[in-house]
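# build me a model:
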Amino acid sequence: MQNGADMKRSLKYAVLLTGACFALAVVTFTLSGCSAARAALNIENPHYSIRNLRPRLDIALPLSASSIDFDFTLGVENPNSVGLRLSGVDFNLLADGYPLLNSTTTQNVSIPARGFGEVRLRSRVDYGTIRNIWREVADVIQGNRARYELRGNAYYDTPIGRMQFPVTVYSTGNNDPIR
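Alright, predicted model coming up:
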């Protein structure tokens, strides 16, 4: 027969062993749960299109203070079974291969599962850049269609953490919408 001290010591070891097993189970479940969630969600890169491209010319005196603002809308089609939150986009816009502008936006836009969302983008081209790319900018202002290309990265906050996807959108230059 055990005395009281031996029983307390056995109970103490049983509690420690139970706690260790519980902690190990939590760690195992958490690690396998994250990888299982990633596999189950299988989040893929959305599809992108440019909806509008509107240049606004701001002529000032002296001319070195002039600029052009480009406002456009990036359409985002989410093919995934979970909603995504677009937390930012960094991008370069090119016309016929010539860099027009680069910019970053940090808007938070919710894109529903298997749905569509829009992100408003704006970028400014200053006078020094305008002088270097005048022909391409003049074509944009006059409505002539060059081959436009948007390249960059989109950043999403997802149920499994922050994800980065490449963005490439281009037009054919034949008055087709930019896709």
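
# return the distance of Ile68 relative to Arg162.
Ile68 sits at a distance of 33 Å from Arg162 (criterion: CB to CB, to the nearest Å). For glycine as for every other residue, the C-beta is placed from the backbone atoms N, C-alpha and C.

# what about these two, which has more around it?
Using other CB atoms under 10 Å, the more surrounded residue of Ile68 and Arg162 is Ile68, with 21 against 11.

# so what's that one bridging to?
Here Ile68 sits in beta bridges with Leu57, Val125, as judged by DSSP bridges.

# over to His47?
Here His47, judged by DSSP bridges, has bridge partners Glu77.

# hmm, it is touching Pro79, no?
Yes: if you go by CB atoms under 8 Å, His47 and Pro79 touch, sitting 6.8 Å apart.

# residue boundaries of the helices in the chain?
4-41, 127-132, 134-141 (DSSP state H).

# confidence-wise, which of these is weakest overall?
Within the helices of the chain, confidence is poorest for helix 4-41, with a mean of 57 (mean pLDDT).

# how deep is Leu86 tucked in, by neighbour count?
Neighbour count of Leu86, defined by other CB under 10 Å: 24.
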